[in-house]
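Trainee: Got a predicted structure here, sequence first:
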Amino acid sequence: MIPPPTPKSILIVTGLSGAGKSTSLRTLEDAGWETVDNLPLTLLDRLLAAPPPQGYAAGEDRPLAIGIDSRTRGFAADTVLSVIASLRDQGRNQVEMLFLDCSGTVLERRYAETRRRHPLAPDRPAADGIARERELLEPLRRAAEHLIDSSDFTSNALQQAIRQRFAGSFESTLTLLSFGFARGVPRNADLMFDMRFLRNPYWEEDLRALGGLDAPVRDYVMADPLFEKAVGQIEALLGTVLPRYSEDGKAYVTIAFGCTGGRHRSVCVTEEIGQRLRAAGFSPTIMHRNLESVQLDAYENRRQGKQTVIEGRGAKST
């Protein structure tokens, strides 16, 4: 027996113009929702019957947020409520409504700061349009399951409120990256740690050709008296700041660890931090940018106070 399809979660996002509908829809989209703004109500059935967007399998439970306000073609509060009732009666959808409210004084200030015209008062003061729209939308405000007053919210605070209420446990996509300073710093790093203070396996003949993934190199680096203290402090810092990145809705976070060539110390530290973060409940992706790169012997020698002299096609150290 084929089980009945899971009801689709639909959120009608409406409210006063300038109260944060666009911000709310963008936040929901970043959290994995499918979003549509100002869709004519007559096209709603066609939208729900359409195949899923590219990259999503049929039947995949991806919630849908639909933005509707006084600018929507065919808008009327009674019509919106009738459409919602019809969707619920079909039994195939779980439909709720979010109403974004805001005080008239704050809305007037927002329109003055952005120099936008209110959609219901293109040739009159914004206060007239706000009052008219509030009257038109009052039935939706009374019927809404969710009400957010954005009067005292910054854009970032509104995004956090939307994520907390509708996005569940949002988590940034976390990447841990090892690299070599000799080959340039990564441009996309949000936090960068220089691990060149740790003792360098490069200067051990039996370790030079190995990498930070090899046990002998790992043991050598971790035996440095500063290793545990430094890595422990980095672990504590990341445990503090990573949840804040997620709370702020930062989609991608890259933490970079560098050493001279990017093959030994930075790789070892990156792997160790990755293990500790996984144990703490995070899900990092680990990348080693320069692990397979050719060793830069001349650069390492220069860092140890040696000078490389180029003679013809060869080179020697002095």
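Mentor: Looks like it arrived, so ask away.
Trainee: now the strands for the stretch 51-200 of the chain?
Mentor: Per DSSP state E, counting those that start in this stretch, the stretch 51-200 of the chain carries strands over the ranges 64-67, 93-101, 146-149, 173-180, 191-194.
Trainee: among these, which is nearest residue 9?
Mentor: Distance to residue 9, taken as C-beta to C-beta, is lowest for strand 93-101 among the strands of the stretch 51-200 of the chain, at 5.0 Å. For every residue, glycine as well, the C-beta is placed using N, CA and C.
Trainee: ok, back up a step: I'd like the strands of the stretch 51-200 of the chain as TSV, with mean pLDDT, mean neighbour count and distance to residue 226 appended.
Mentor: As requested, the strands of the stretch 51-200 of the chain are arranged in TSV below (pLDDT from 0 to 100; neighbours: other C-beta atoms under 10 Å; distance: least, C-beta to C-beta, whole Å):
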stretch	mean pLDDT	mean neighbour count	distance to residue 226
strand 64-67	92	22	50
strand 93-101	92	20	52
strand 146-149	94	16	49
strand 173-180	94	22	18
strand 191-194	97	16	13
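Trainee: biggest helix in the protein, by residue count?
Mentor: Determined from DSSP state H, the single longest helix within the chain is helix 227-247.
Trainee: Return the set of buried residues in that one.
Mentor: Using 16 or more other C-beta atoms under 10 Å as the burial criterion, the residues of helix 227-247 that qualify are 227, 230-231, 234-235, 238, 242, 245-246.
Trainee: The most centrally placed residue in the chain: what's it in contact with?
Mentor: Most central in the chain under C-alpha atoms, centre = their mean is residue 251, positioned 1.3 Å from the mean C-alpha point. Residues in contact with residue 251 (C-beta atoms under 8 Å, 6 or more residues apart in numbering) are 30, 172-173.
Trainee: Give me the local confidence score for it.
Mentor: On the pLDDT scale, residue 251 is placed at 79.
Trainee: same question, residue 126
Mentor: The pLDDT attached to residue 126 in the predicted structure is 89.
Trainee: Pull up the distance across stretch 142-159, start to finish.
Mentor: Its first and final residues considered, stretch 142-159 spans 23 Å by C-alpha to C-alpha, to the nearest Å.
Trainee: residues in contact with that stretch?
Mentor: Stretch 142-159 has contacts (C-beta under 8 Å, 6+ apart) with 14, 19-20, 23-24, 27, 81, 84, 96-103, 106, 141, 161-162, 165, 248-249.
Trainee: For residue 110, which of the strands of the stretch 51-200 of the chain is the nearest?
Mentor: Across these, the minimum distance to residue 110, taken as C-beta to C-beta, is reached by strand 93-101, at 12.5 Å.
Trainee: can you pull out the helices in the stretch 51-200 of the chain?
Mentor: Under the criterion DSSP state H, counting those that start in this stretch, the stretch 51-200 of the chain carries helices at the ranges 77-90, 104-114, 126-143, 155-166.
Trainee: Looking at these, which is nearest to residue 280?
Mentor: helix 155-166 (21.1 Å).
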